[in-house]
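In: turn this into a structure:
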Amino acid sequence: MYHYPARFELHRPSGSYTVTFPDFDWGVTQGDDLDDAMFMARDLLKIFLEDCIQQRQPLPKPSKKGRGYRTVSLPALEEAKVVLYAAVREAGLRNADLARRLRQPVAHVDRLLDLRRRSKMDDIEAALRTLGKSISIEVRDAA
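Out: Have a look, this model is predicted:
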């Protein structure tokens, strides 16, 4: 869902890459090779999305992937947290409102939305169910 295009610019002769995201107006990263650049791009994407969540800002819609761009996404658990955040925003709720619905302390919801903290997928599913949403898993061939 929240798979963002990133521009991977190759620097010759070193073989290193610089990575930028057109959907975010700040930040750049680099990697020694393509694998390292993709790892760094995922970390930068996490930072972008964490910033949106911490600032209570809407998440930018991913733009179309163009020539010279690669799609970057987060691991499944972090993606589920981002989807939960978007659902909470869409419902016009605060973390405290969701916590009341879940009969949990606000700190529990804060942890569910923290991309750096581990959460149980069951807890994220329960929170989404409370918002009238569900999770489905899709398996695709790796690109």
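
In: show me the domain layout of the protein.
Out: 4-72, 76-130 (automatic domain parsing).

In: of all the ones you listed, which one is nearest residue 142?
Out: Within the domains of the chain, the stretch nearest residue 142 is domain 4-72; the backing value is 11.7 Å (CB to CB). Quick note: C-beta positions are derived from backbone N, CA and C, even for glycine.

In: tally of neighbours for the nearest residue to residue 80 once chain neighbours are set aside?
Out: Nearest non-adjacent residue to residue 80, counting by CB to CB, 6 or more residues apart in numbering: residue 124, 4.8 Å away. By other CB atoms under 10 Å, the residues close to residue 124 number 18.

In: touching, residue 63 and residue 5? I think so.
Out: Yes - at 6.0 Å, residue 63 counts as touching residue 5 under the criterion of CB atoms under 8 Å.

In: for those two, indicate the residue with more neighbours.
Out: Ranked by neighbour count (other CB under 10 Å), residue 63 and residue 5 place residue 5 first, with 17 against 12.

In: are we agreed that the more buried one is in a helix?
Out: No - the assignment for residue 5, made by DSSP: H, G, I helix; E, B strand; the rest coil, is strand rather than a helix.
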